[in-house]
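S.K.: Give the three-dimensional model of this entry:
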Amino acid sequence: MAVQEPITGFAVAVVREDGRWRCSSLDQGALAELDAAITELGKLRSTGAAFGLLAIDDEFFVIVRPSPRGPSLLLSDAAAALDYDIAADVLDVLRVDPPDEDDDAVWPEGDLEILSDLGLPGAELQVIVGEVDLYPDEQLQMVAQRCGFAAEFAKILDEI
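M.R.: Numbering: from 1, shown residues only. Here you go, the predicted model:
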């Protein structure tokens with residue numbers, strides 16, 4: 001039986017309530033299973049926006065935004081589904097087939113407008129995702145900067 005390497009990275013919950021941003025870390029299990037991330041985010045009680053930012057193994061990121069009609073999702077690299085269960089789970093929920101193994105192109109799958117109501121239009125998020133020379137944490141820092149919670153995001157990353 002093969003030994004599976006532990007997944008590295010971070011999972012951060014972001015909440016905007018009463019005009020203020022708050023970031024907190026999620027359980028590391030949220031990096032391995034989409035259901036775990038959705039469950040953790042569902043525990044947050046907020047009247048404002050709430051979503052999760054997951055950076056996995058310096059390879060890709062996932063944005064999860066729960067809603068009563070089901071989660072909105074963005075996977076930064078669809079090819080990650082070939083190697084990571086959480087990425088495959090995202091494609092499954094989105095009802096998108098994973099790419100072929102020999103396809104080395106990087107493209108996102110999901111809702112590029114996931115954060116448009118928070119000041120990050122889909123076209124700008126597409127540009128951030130397209131910055132393939134950046135690590136996922138750097139891309140998510142750009143997201144945080146554009147939405148206005150960069151200081152809170154940097155603080156929680158320092159604690160993790």
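S.K.: From the opening residue of stretch 86-106 to its closing one, how far?
M.R.: Its first and final residues considered, stretch 86-106 spans 17 Å by Cα to Cα, to the nearest Å.
S.K.: Can you give the strand pairings for the lengthiest strand in the chain, parallel or anti for each?
M.R.: As assigned by DSSP state E, the longest strand anywhere in the chain is strand 9-17. The partner list of strand 9-17 in its sheet, established with DSSP bridges, is strand 20-25 (antiparallel), strand 50-56 (antiparallel).
S.K.: In that strand, which residues are buried?
M.R.: G9, F10, A11, V12, A13, V14, V15, R16 (16 or more other Cβ atoms under 10 Å). (C-beta placed from N, C-alpha, C; glycine too.)
S.K.: now do stretch 55-66
M.R.: A55, I56, E59, F60, F61, V62, I63, V64, R65, P66.
S.K.: ranges for the helices of this protein?
M.R.: 34-42, 85-94, 122-129, 136-147, 150-159 (DSSP state H).
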